[in-house]
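**Student:** below is the structure, and that's it, no one-letter string:
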């Protein structure tokens with residue numbers, strides 16, 4: 001059970017970090033539309049933001065899986 005708790009905590013922290021980084025990257029284009037050298041640089045920036053969004057989704061799934069395991073684990077009372 002302690003391993004699941006540590007994994008759950010790690011998944012939660014990583015998910016939050018990925019969400020925050022994705023939000024920062026996604027908002028950059030709107031705030032600084034002329035900051036890119038060319039369209040390819042703009043696309044690469046968008047791909048990075050999308051990648052972090054996908055990573056957050058993966059960590060959210062891992063967190064949910066661990067929560068289900070933790071809930072079904074018999075308590076020792």
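**Tutor:** Nice, thanks for sending it over. This one's a predicted model, so the numbers in the text were calculated from it and none came from an experiment.
**Student:** if you count neighbours, what's buried in stretch 26-39?
**Tutor:** If you call a residue buried by 16 or more other CB atoms under 10 Å, then stretch 26-39 has these buried ones: 26, 28, 36. All C-beta atoms are positioned from the backbone trio N, CA, C, and that covers glycine.
**Student:** need the residues you listed in JSON lines with pLDDT, can you?
**Tutor:** Compiled in JSON lines, the buried residues of stretch 26-39 are given as follows (pLDDT from 0 to 100):
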{"residue": "26", "pLDDT": "70"}
{"residue": "28", "pLDDT": "74"}
{"residue": "36", "pLDDT": "77"}
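**Student:** nearest to residue 61, of these?
**Tutor:** residue 26 (20.7 Å; CB to CB).
**Student:** which residues touch that closest one?
**Tutor:** By CB atoms under 8 Å, 6 or more residues apart in numbering, the contact set of residue 26 is 49, 53.
**Student:** now it: how far from residue 48?
**Tutor:** Distance of residue 26 to residue 48, computed by CB to CB, to the nearest Å: 10 Å.
**Student:** in the strand or helix carrying residue 25, what's buried?
**Tutor:** For residue 25, the host element (DSSP states H and E) is helix 2-31. Residues 7-8, 11-12, 14-15, 18-19, 21-22, 25-26, 28 are the ones in helix 2-31 that count as buried (16+ other CB under 10 Å).
**Student:** turn these into JSON lines, including distance to residue 65.
**Tutor:** Formatted as JSON lines, the buried residues of helix 2-31 follow (distance: CB to CB, whole Å):
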{"residue": "7", "distance to residue 65": "9"}
{"residue": "8", "distance to residue 65": "9"}
{"residue": "11", "distance to residue 65": "9"}
{"residue": "12", "distance to residue 65": "13"}
{"residue": "14", "distance to residue 65": "14"}
{"residue": "15", "distance to residue 65": "13"}
{"residue": "18", "distance to residue 65": "17"}
{"residue": "19", "distance to residue 65": "18"}
{"residue": "21", "distance to residue 65": "23"}
{"residue": "22", "distance to residue 65": "21"}
{"residue": "25", "distance to residue 65": "27"}
{"residue": "26", "distance to residue 65": "26"}
{"residue": "28", "distance to residue 65": "32"}
